[in-house]
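Trainee: Starting from these lines, generate the structure:
(2 chains)
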Amino acid sequence: TQLLEQSPQFLSIQEGENLTVYCNSSSVFSSLQWYRQEPGEGPVLLVTVVTGGEVKKLKRLTFQFGDARKDSSLHITAAQPGDTGLYLCAANPTGGGADGLTFGKGTHLIIQP
Amino acid sequence: NAGVTQTPKFRILKIGQSMTLQCTQDMNHNYMYWYRQDPGMGLKLIYYSVGAGITDKGEVPNGYNVSRSTTEDFPLRLELAAPSQTSVYFCASSKQGISNQPQHFGDGTRLSIL
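Mentor: From the prediction side, this is the model:
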């Protein structure tokens, strides 16, 4: 059983379109992180959400943490080819952090020019 | 600032061979981690360390060993390589062992066992 379920697994859209990807769980988390990974590189942190209902914006990217702190979404407005990559959500299942992160399987996003 | 550096970037091993994947960080982070990433499977934690001299198993530790003799270095050892260990291996570090702190990743070692 996957602790963090991400959907969709793959998404290919045209430049300028909007999109939303999801990260869902039956567990409650003290915080949740979103990472972006490009081919041949390691994941890079985009944002950490901590408070239920929290919304954070990073330019055209909007991240939301569910009220119950079980799920999160990433919305991209007017997608650009530079947004192409693998988007991973991650959380610590024990609520601590010292013992590492559990990752979802990721959403592979392709933005076509 | 180099961050987290992993070597080698690529390696091909024969079944039964051994090797060490190197990881070093220059950020003076106490917490370090090894993950493996298989196609379509996300990242899974192999081992982690909360400081020099302290290591612990993650979700998928079988077939691997680690050591942490210094704050900077956290090598991962494969003793008897098996095809199931073909994967991309990522080392990461964080300043604090708190879930809302960022983990900083290296660029990975791509390992094939044939």
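Trainee: Just the endpoints, please. Distance across stretch B:40-57?
Mentor: 23 Å (Cα to Cα, to the nearest Å).
Trainee: So which bits of it are buried?
Mentor: B:Gly42, B:Leu43, B:Lys44, B:Leu45, B:Ile46, B:Tyr47, B:Tyr48, B:Ser49, B:Ala52, B:Thr55 (16 or more other Cβ atoms under 10 Å in any protein chain shown). For the C-beta atoms, the positions are set from N, CA and C on the backbone; glycine is no exception.
Trainee: Same check on stretch A:68-75?
Mentor: Buried, per 16+ other Cβ under 10 Å, within stretch A:68-75: A:Arg69, A:Lys70, A:Asp71, A:Ser72, A:Ser73, A:Leu74.
Trainee: Go ahead and confirm the fifth one touches A:Leu32.
Mentor: Meaning A:Ser73. No - checked against Cβ atoms under 8 Å, the pair A:Ser73 and A:Leu32 is beyond contact range at 10.6 Å.
Trainee: check contacts around residue 43.
Mentor: Just going to use chain A. A:Tyr35, A:Arg36, A:Gln37, A:Leu88, B:Leu43, B:Phe90, B:Gln103, B:Phe105 (Cβ atoms under 8 Å, 6 or more residues apart in numbering or on different chains).
Trainee: wait, I meant chain B there
Mentor: So B:Leu43 contacts A:Pro43, A:Leu88, A:Ala90, A:Leu101, A:Phe103, B:Tyr35, B:Arg36, B:Gln37, B:Phe90 (Cβ under 8 Å, 6+ apart).
Trainee: Okay, and the second one sits in which element?
Mentor: Secondary structure here is read from DSSP states H and E; on that basis A:Leu88 sits in strand A:85-91.
Trainee: mean confidence for that strand?
Mentor: Taken as a whole, strand A:85-91 carries a mean pLDDT of 96.
Trainee: Figure out how far that strand is from the centre of its chain.
Mentor: 5 Å (Cα atoms, centre = their mean, to the nearest Å).
Trainee: before we move on, back to that, which one (most neighbours) among the contacts of A:Pro43?
Mentor: Ranked by neighbour count (other Cβ atoms under 10 Å in any protein chain shown), the contacts of A:Pro43 have B:Leu43 at the top, with 29 neighbours.
Trainee: bridging residues for it?
Mentor: B:Gln37 (DSSP bridges).
Trainee: what does chain B have sitting close to chain A?
Mentor: B:4, B:31, B:33, B:35, B:40-45, B:48, B:50, B:56, B:58-59, B:90, B:92, B:94, B:96-108 (Cβ under 8 Å from any Cβ of the partner chain).
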